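Engineer: curious how this folds, go ahead:
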Amino acid sequence: MSTRIDVGRARAETPGCATRAHLNNAGAALPPRPVTDAVARHLDLEARIGGYEAADAAREAVEGFYDAVAELIGAHRDEIACTENATRAWDMAFHSVPFSPGDRILTTTSEYASNAIAFLQAAQRYGVRVDVVPDDEHGQLSLDALAAELGRGGVRLVAVNHVPTHNGLVNPAAGIGRLCRQAGVLYLLDACQSVGQLAVDVEDIGCDMLSATGRKFLRGPRGTGFLYVRRRVLEDLKPPFLDLHSARWTAPDRYEMRPDARRFETWERNFAGQIGLAAAVRYASALGTDAVEERITGLAARLREELADRPGVSVLDRGERRCGIVTFTVDGHEPARIMHTLREQGVNVSSTQGSRHFEPHPGPAAVRASVHYYNTEDDLARLLHALSNLR
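Structural biologist: Sure, this is the predicted structure:
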């Protein structure tokens, strides 16, 4: 397990670590003090001098957001947009694609429900078809099956998740990108659960669009997120909503969209949240994404081993490569009840629903424990001890 991160310092800068074993980082991670301080300072500035005036005074910090995110994922600052959350980022990207009747969308068996609903909207609105690429023997998206589907033609968009919300696997994002480039097909990657826990580089992955949130593994404020859009595809995408920030009204019957990714933004936004997310991104970058990934995956692997040795516990994770999300069941106990029982003992986990409509064999509801680099072996021990005391 990685020792390249000063875990003691990370915990000292994270007040919640003093009272809880927070293993719900795939839901919302604990923000470090530099993030909460950045948000509080701007809110205080707004209270003292006014919201518009505070935004003007903090212009350098606001603009720094684009540089910080671009550096984190290997992009250019003009390819980054600030959004309210990952869902809005993904929706703005998806609904900007100019679909035509008969176009095909390829996705995964483990797609997030909000994304699946958007696929159905597009099918009803434009007459597109949604085809689900089957899993390989490891339970992740099959690259061979994807290549075959792309070879059939008619694919307008490949839209997949990097890390599903519920089964611990990491989809082969770079392999998907290679196939999409060869076929000349747009590639939208939902990185909501991967940015902040895995090293993510858009050039290595080859995606055209990527959506992410602030509140999960990036340890940023809730209600923040970002969208990446590659320069070469930008002009082909038409955002579903425009305002006086994302476009310019040039004549009574004409407007011009911004030439950069900020055409996906709105003028009104949470500036304190944007500044806080920039602080979170810089915090992650300073630690090093490779070191973060190494520690998180190491802790998760240890937790899986410990859980698998427990009578009555079944670990449900799959995939050739696995991340910091660990899902399991305990015989005779409902996952939602386990979640509430553990929370009462100062151990935060979440529960996931078993219904996955694209999966041929949906798994059961499960407990989801998601680790971060600031977690320790003692946190894992608290979880295991609490499970031993279930009645």
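
Engineer: for the longest helix along the chain, which residues meet the burial criterion?
Structural biologist: As assigned by DSSP state H, the longest helix anywhere in the chain is helix 289-308. Across helix 289-308, burial judged by 16 or more other CB atoms under 10 Å covers 289, 292-301, 303-304, 306-307. All C-beta atoms are positioned from the backbone trio N, CA, C, and that covers glycine.

Engineer: ditto for stretch 40-50
Structural biologist: Buried residues in stretch 40-50 (16+ other CB under 10 Å): 41-43, 45-46.

Engineer: likewise stretch 184-201?
Structural biologist: Buried-residue list, stretch 184-201, by 16+ other CB under 10 Å: 185-200.

Engineer: please tell me how far Ser285 sits from Ala279.
Structural biologist: Separation of Ser285 from Ala279 (CB to CB, to the nearest Å): 11 Å.

Engineer: which one of these two has more residues nearby?
Structural biologist: Ala279 (27 against 14; other CB atoms under 10 Å).

Engineer: hmm, His42 and that one touching each other?
Structural biologist: No. Ala279 lies out of contact with His42 (CB atoms under 8 Å); the separation is 10.3 Å.

Engineer: surely His76 is in contact with Arg231?
Structural biologist: Yes. Counting by CB under 8 Å, Arg231 is a contact partner of His76 at 6.8 Å.

Engineer: alpha carbons of the helix or strand harbouring Ile338, as PDB, please.
Structural biologist: Using DSSP states H and E, Ile338 sits in helix 335-344. Coordinates of each C-alpha in helix 335-344 appear next as PDB, following Å, rounded to 0.1, in the frame of the first residue of the first chain:
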ATOM      1  CA  PRO A 335     -28.200  -3.400   3.300                       C
ATOM      2  CA  ALA A 336     -30.200  -0.200   4.100                       C
ATOM      3  CA  ARG A 337     -30.500  -1.300   7.700                       C
ATOM      4  CA  ILE A 338     -26.800  -2.100   7.900                       C
ATOM      5  CA  MET A 339     -26.100   1.400   6.700                       C
ATOM      6  CA  HIS A 340     -28.200   3.000   9.400                       C
ATOM      7  CA  THR A 341     -26.900   0.700  12.100                       C
ATOM      8  CA  LEU A 342     -23.300   1.500  11.200                       C
ATOM      9  CA  ARG A 343     -24.000   5.200  11.000                       C
ATOM     10  CA  GLU A 344     -25.100   5.100  14.600                       C
END
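
Engineer: what residues of it count as buried?
Structural biologist: 335, 338-339, 341-342.

Engineer: continuing past that helix, what's the next helix or strand?
Structural biologist: In N-to-C order, the element after helix 335-344 by DSSP H and E is strand 347-348.

Engineer: mind giving me the packing neighbours of that following strand?
Structural biologist: Packing partners of strand 347-348 (3 or more CB pairs under 8 Å, 6 or more residues apart in numbering; DSSP states H and E): strand 21-22, helix 377-388.

Engineer: among the ones you listed, which comes closest to Arg181?
Structural biologist: strand 21-22 (38.9 Å; CB to CB).

Engineer: off-centre distance for that closest one?
Structural biologist: 20 Å (CA atoms, centre = their mean, to the nearest Å).

Engineer: walk me through which strands that strand pairs with, and which way each runs.
Structural biologist: Strand 21-22 has the following sheet partners, assigned by DSSP bridges: strand 347-348 (parallel).

Engineer: tally of neighbours for Pro134?
Structural biologist: 15.

Engineer: how near is the closest residue in space to it that isn't next to it in sequence to Asp136?
Structural biologist: Distances taken as CB to CB, 6 or more residues apart in numbering put Ala145 closest to Pro134, at 5.1 Å, once the chain neighbours are dropped. With distances taken as CB to CB, Ala145 is found 7 Å from Asp136.

Engineer: show me what contacts the most centrally placed residue in the chain?
Structural biologist: Using CA atoms, centre = their mean, the residue of the chain that lies closest to the mean C-alpha position is Cys192, 0.9 Å off. Residues near Cys192 by CB atoms under 8 Å, 6 or more residues apart in numbering: 86, 90, 112, 161, 163, 165, 211-213, 216.

Engineer: ranking those residues by neighbours, who comes first?
Structural biologist: Within those, neighbour counts (other CB under 10 Å) peak at Ala212, which reaches 33 neighbours.

Engineer: can you confirm that residue is in a helix?
Structural biologist: No. Counting by DSSP: H, G, I helix; E, B strand; the rest coil, Ala212 falls outside a helix, being strand.

Engineer: I'd guessed it sits against Leu218; true?
Structural biologist: Yes. In this structure, Ala212 is within contact of Leu218 by CB under 8 Å, at 7.3 Å.

Engineer: shared neighbours, these two?
Structural biologist: 195-196.

Engineer: before we move on, the earlier item: from the contacts of Cys192, which is closest to Pro98?
Structural biologist: Trp90 (17.1 Å).

Engineer: list the residues that contact Leu303.
Structural biologist: By CB under 8 Å, 6+ apart, the neighbours of Leu303 are 326, 369, 371, 380, 383.
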